[in-house]
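Trainee: Fold the following, please.
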Amino acid sequence: MQRVFFTVILAIFLGATASAQDVTLQGKIRGTDVSGTGSKTLVKLVGVNISVQNTTTGTTTAPDGTFNLKVKSLPVTLVITYIGYEKKTITVETNNFLDIVLQEDVLAFEDIVIVGSRFQTRTSITSPVPIDNIKLRDMKATAQVTMDKMLHYVVPSFNSTQQMISDATAHFDPADLRGLGPSRTLVLINGKRKNPSALVYINDTPGKGDVGVDMNSIPLGAISRIEVLRDGASAQYGSDAIAGVLNIILNDEAEKTSVNAYSGITEEGDGFQFGTSINTGFKLSDKGFVNLTAGYTDQEETNRAGTPVGDGLFGPIFGDESLSDGTNPWVAQNPDLGMRVGLPNMSSANIYYNSEINLNENDKIYSYGGLVYRSGLSYALYRAPYWIPDQFFLKHAPGEEYQGFQPTFETDVFDNEWTAGFRSKKAGWDYDLSFSYGSNTVDYTIGNSINLDLGEASPTEFYAGGYEFRNSIINFDISKRLRDKLSISFGSEFRQENFVANDGEEASYFGGGAQSFPGLQPQNAVDAKRTNAGAYLDLGLDLTTNFYIGVATRMENYSDFGRNNTFKVASRLKTSNDRYSVRASVSSGFRAPSLHQIFLSNIQTLVSGGTISNQGTFNNNSPVLRKLGVKPLKEEVASNFTVGVASRPSDDFFFSVDFFKINLDDRIVYSSSISSSDPGTTVGAILAANNITSLKFFINAVNTTSKGIDIVSNYRMNKLRFNFAASFAKHELNGKINTPDVLAADGVDIFDRKEQSRILSSRPRQKVILGATYDLNPFTIGLSGTQFGEVTWQHASDPAKDQTFGAKILLDLNAAYRVNDELTLNFMINNLMGVYPDVIDPKGDFVTDLGGRFKYPWEVNQFGFNGRVFLATANINF
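Mentor: Numbering: from 1, shown residues only. All right, here's what the predicted structure looks like:
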């Protein structure tokens with residue numbers, strides 16, 4: 001049916017023949033440079049629309065900026081339009097060669113977006129789907145210093161907060177759109193797919209069970225702007241684009257050098273951070289450009305641990321009242337129980353490039369990529385003397401009074417991204433052939449620890465293994481605008497993926513393994529590969545000048561789980577002056593189970609069921625899971641619906657409102673901790689055979705519905721600029737949880753209330769941002785307020801112990817002083833009023849806050865708990 005439909009459409013618009021014309025007009029069109037260099041040089045413009053006024057006759061400029069247009073007679077009035085430039089109307093009375101110059105339209109140019117359309121560029125008004133175009137200046141105005149945190153305070157539907165005491169998750173920061181988890185947000189760089197990280201988030205944080213792109217691996221200095229597509233786009237881009245797409249546009253500056261440095265500290269005197277980056281570019285004569293970025297950042301730890309009276313965790317476990325009431329001598333001397341709960345220590349170095357070379361008028365090659373290395377150190381639970389007796393740690397501090405120890409969790413992360421491609425234009429067709437390679441690796445080291453089963457022979461530092469992920473992608477895209485109304489694009493993608501788990505040294509996993517994190521064992525090691533081939537067809541039809549409809553379909557075939565087909569229909573009706581539009585889309589989507597979710601297996605040390613124990617994760621291909629009735633993972637499928645309006649009533653005011661609804665079926669989740677003390681049950685027998693007290697696994701377990709409203713608005717009044725944005729979302733479970741019959745017979749709850757809250761209420765259901773910037777040249781003052789809605793943590797089995805953490809408002813101040821054209825100084829205060837989340841109320845359950853060790857929530861998260869932060873930056877341009 002799809003082939004018949006597209007054939008009919010093409011036949012309709014290609015079947016008509018052009019009538020003979022009497023006069024041929026020739027000319028070239030150039031435009032003032034809008035590259036941001038400040039120069040007013042003229043550049044050739046490709047794809048400019050030239051039409052005869054009040055007719056359907058028209059053409060577009062060729063790659064060299066020239067055009068030929070046949071008209072019936074002279075004089076004739078031509079209308080010339082190009083996105084980012086002012087519309088121009090001229091009357092032609094002779095057929096002399098025309099040399100036409102278009103003037104840049106700054107407001108329209110800043111609103112140009114590329115993502116979501118494979119045809120001509122559009123603006124936020126003319127796009128049929130909601131897209132935010134986030135400029136670097138808007139991101140820097142947030143008083144944040146990393147890309148993901150900037151987006152957290154600019155785009156209400158985007159969430160990213162740094163995690164605490166959560167193994168490697170604390171060094172990656174799960175990020176998502178619309179609260180649907182990191183796995184369902186596709187990240188592109190210059191329109192090409194970015195590789196995911198090697199890590200699957202398996203700790204008790206938002207995003208648990210998901211795999212996402214390592215957002216810390218994309219340096220801010222290399223970025224020009226970011227486009228945020230808030231709509232499903234699987235039919236255009238493939239797997240993962242269920243919640244939306246982030247398209248990161250790299251810097252293409254070729255005539256300027258920028259140096260940025262910053263430093264900051266919290267009001268508590270910890271968390272010192274500093275960083276520096278340099279971005280420079282140069283032209284390759286008149287053939288192209290190269291842009292380079294290099295940077296280094298360093299962040300020291302913070303500590304916001306609780307100070308309980310007594311150890312409410314180990315007192316009940318050991319049945320020792322002196323621990324519970326705080327009369328134990330060590331507890332009395334260490335009211336924080338030796339804990340450090342906060343940001344990890346982290347340093348990062350990066351280098352990135354972006355380049356393009358014009359081979360001739362029609363052909364060009366391009367390439368971009370970068371290397372990022374990051375090391376981190378965070379902490380596990382403090383091993384107090386009453387937990388690990390001193391005879392097991394004699395080597396650690398000989399001759400000193402034994403005070404216990406706190407193991408460290410250390411990571412080495414390496415991210416590599418590289419893309420090269422060739423673009424060409426032949427006979428009106430645009431071709432783009434590219435190859436991309438990306439990899440991400442993380443290695444674990446457990447420091448300041450011991451393996452009790454090795455006794456005095458135990459080392460105190462262990463290589464615990466690690467993970468690797470890499471992919472290779474070939475893309476071939478072809479597009480053309482047929483006549484004046486129909487655009488067609490089609491193409492293919494071939495992708496190879498490879499997930500590797502490396503086992504640690506034997507001492508890390510021997511016996512019970514290293515304290516805090518037993519290393520990956522040889523049976524956990526894996527080297528898994530798969531391939532995927534996809535093809536798409538995308539049609540765009542301007543039924544009239546103001547009414548547009550687009551249709552897309554895509555087929556994907558994976559070597560492991562098979563085929564998936566998706567579609568999308570999007571439409572937009574606008575006014576002729578491009579001031580108002582109504583838009584809507586409906587689409588299907590999917591997400592392939594990641595190789596991480598299929599093949600991950602490990603053992604973790606956790607507090608579970610009132611005890612400290614080892615928990616095993618079984619990979620999805622394990623015979624153990626087949627015994628439990630758990631089926632092989634299959635793809636998630638989704639349906640998306642979006643409808644909205646966008647308007648720019650005046651040059652100074654813009655607003656948009658969009659409603660969305662996303663149904664997600666067969667959602668892959670990381671199960672609850674499953675245990676049984678009865679060896680007669682299937683679960684009990686498996687636990688005993690594997691010497692673990694509980695087990696977990698990945699499973700297609702739930703169906704969810706997410707719906708909400710996004711609002712974006714900005715207003716400029718002379719030197720004063722206002723921005724307002726808000727997101728309101730609600731997530732619900734649909735129907736029953738898909739519990740295998742074997743586990744149901746054992747009375748097992750595979751996805752308990754606590755795990756459910758992680759996908760339903762761990763992110764704020766509403767986030768509202770209101771900001772103002774006033775330019776008092778040479779001073780600029782910016783104040784932004786962000787309201788983070790409430791989040792709810794649910795107890796695994798007892799609703800009476802649930803806790804809702806109330807909504808909070810954070811203010812951020814940014815004051816800039818332009819010393820001269822080259823130097824700008826900024827002073828910023830994040831969280832001006834020093835707001836913290838509500839304190840955890842354990843309601844008698846010592847596991848909820850780990851006996852008072854945690855003061856603030858970490859399993860659900862609004863904005864972290866660092867308090868007030870002071871920052872200063874310097875920017876030099878030359």
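Trainee: Contacts only, for the nearest residue to Val76 once chain neighbours are set aside.
Mentor: The shortest distance from Val76 to any non-neighbouring residue, by C-beta to C-beta, 6 or more residues apart in numbering, is to Val92 (5.4 Å). From N, CA and C alone the C-beta is placed, and that goes for glycine too. The contact partners of Val92, by C-beta atoms under 8 Å, 6 or more residues apart in numbering, come to 25, 74-78, 98.
Trainee: Next: Arg30.
Mentor: Applying C-beta under 8 Å, 6+ apart, the residues near Arg30 are 42-45, 65, 99-102.
Trainee: Selection in ChimeraX covering whichever of those residues are buried, please.
Mentor: For anyone working in ChimeraX, the buried entries among these, judged by 16 or more other C-beta atoms under 10 Å, can be selected with:
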select :44,45,65,100,102
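Trainee: Nearest to Arg423 among the contacts of Arg30?
Mentor: Lys44 (15.4 Å; C-beta to C-beta).
Trainee: Go ahead and confirm Leu720 touches Leu776.
Mentor: No - between Leu720 and Leu776 no contact is recorded; they are 10.0 Å apart, counting by C-beta atoms under 8 Å.
Trainee: Any chance of a markdown table for the contacts of Arg30, columns distance to Asp132, pLDDT and secondary structure?
Mentor: Conversion of those to a markdown table gives the following (distance: C-beta to C-beta, whole Å; pLDDT from 0 to 100; DSSP: H, G, I helix; E, B strand; the rest coil):
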| residue | distance to Asp132 | pLDDT | secondary structure |
| --- | --- | --- | --- |
| Leu42 | 31 | 73 | strand |
| Val43 | 27 | 72 | strand |
| Lys44 | 30 | 73 | strand |
| Leu45 | 26 | 78 | coil |
| Gly65 | 31 | 77 | coil |
| Asp99 | 37 | 92 | strand |
| Ile100 | 33 | 93 | strand |
| Val101 | 31 | 92 | strand |
| Leu102 | 26 | 89 | strand |
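Trainee: Hmm, Phe414 is touching Thr441, no?
Mentor: Yes - the criterion here is C-beta under 8 Å, and Phe414 meets it with Thr441 at 4.9 Å.
Trainee: that older thread, now the contacts of Arg30 in CSV, with distance to Val582?
Mentor: As requested, these are exported to CSV (distance: C-beta to C-beta, whole Å):
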residue, distance to Val582
Leu42, 37
Val43, 34
Lys44, 35
Leu45, 30
Gly65, 34
Asp99, 39
Ile100, 33
Val101, 34
Leu102, 29
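Trainee: and which of the contacts of Arg30 is nearest to Ser347?
Mentor: Ser347 has its nearest neighbour among the contacts of Arg30 in Val43, at 40.9 Å by C-beta to C-beta.
Trainee: Next up, phi/psi of Asp148, please.
Mentor: Dihedral angles phi and psi of Asp148 (degrees, to the nearest 10) take the values phi -70, psi -40.
Trainee: and it, what pLDDT?
Mentor: pLDDT, Asp148: 89.
Trainee: contacting residues around it?
Mentor: Under the criterion of C-beta under 8 Å, 6+ apart, the contact list for Asp148 reads 160, 173, 175, 215-216.
Trainee: In strands, which of those residues appear?
Mentor: With strands taken from DSSP state E, the overlap with those comprises 160, 175.
Trainee: about what we covered before: nearest to Ile278 among the contacts of Arg30?
Mentor: Distance from Ile278 was checked for each of those by C-beta to C-beta. The minimum falls on Val43, at 26.5 Å.
Trainee: In a helix, Tyr536, correct?
Mentor: No - remark: Tyr536 does not belong to a helix; assigned using DSSP: H, G, I helix; E, B strand; the rest coil, it is strand.
Trainee: State the number of residues packed around it.
Mentor: Look at Tyr536: counted by other C-beta atoms under 10 Å, it has 23 neighbours.
Trainee: Against Asn354, how distant is it?
Mentor: Using C-beta to C-beta, to the nearest Å, one obtains 26 Å as the distance from Tyr536 to Asn354.
Trainee: which residues pair with Tyr373 across the strands?
Mentor: Partner residues in beta bridges with Tyr373: Ala349, Phe414, with DSSP bridges as the criterion.
Trainee: Tally up the residues packed near it, please.
Mentor: Based on other C-beta under 10 Å, the number of other residues close to Tyr373 is 16.
Trainee: so it touches Thr411, yeah?
Mentor: No - with the criterion set as C-beta under 8 Å, Tyr373 and Thr411 do not qualify as a contacting pair; they are 11.1 Å apart.
Trainee: ok, now which ones touch Phe698?
Mentor: Under the criterion of C-beta under 8 Å, 6+ apart, the contact list for Phe698 reads 209, 593, 597-598, 600, 620, 633, 668-671.
Trainee: Excluding chain neighbours, what is closest to it?
Mentor: Here the nearest residue to Phe698 in space, its sequence neighbours aside, is Gln597; by C-beta to C-beta, 6+ apart that works out to 4.5 Å.
Trainee: What's the separation between Ser676 and Thr257?
Mentor: 64 Å.
Trainee: Neighbour count for those two, which is higher?
Mentor: Ser676 (20 against 14).
Trainee: if we can go back for a sec, remind me which helix or strand the residue nearest to Phe698 belongs to.
Mentor: Per DSSP states H and E, Gln597 falls inside helix 595-599.
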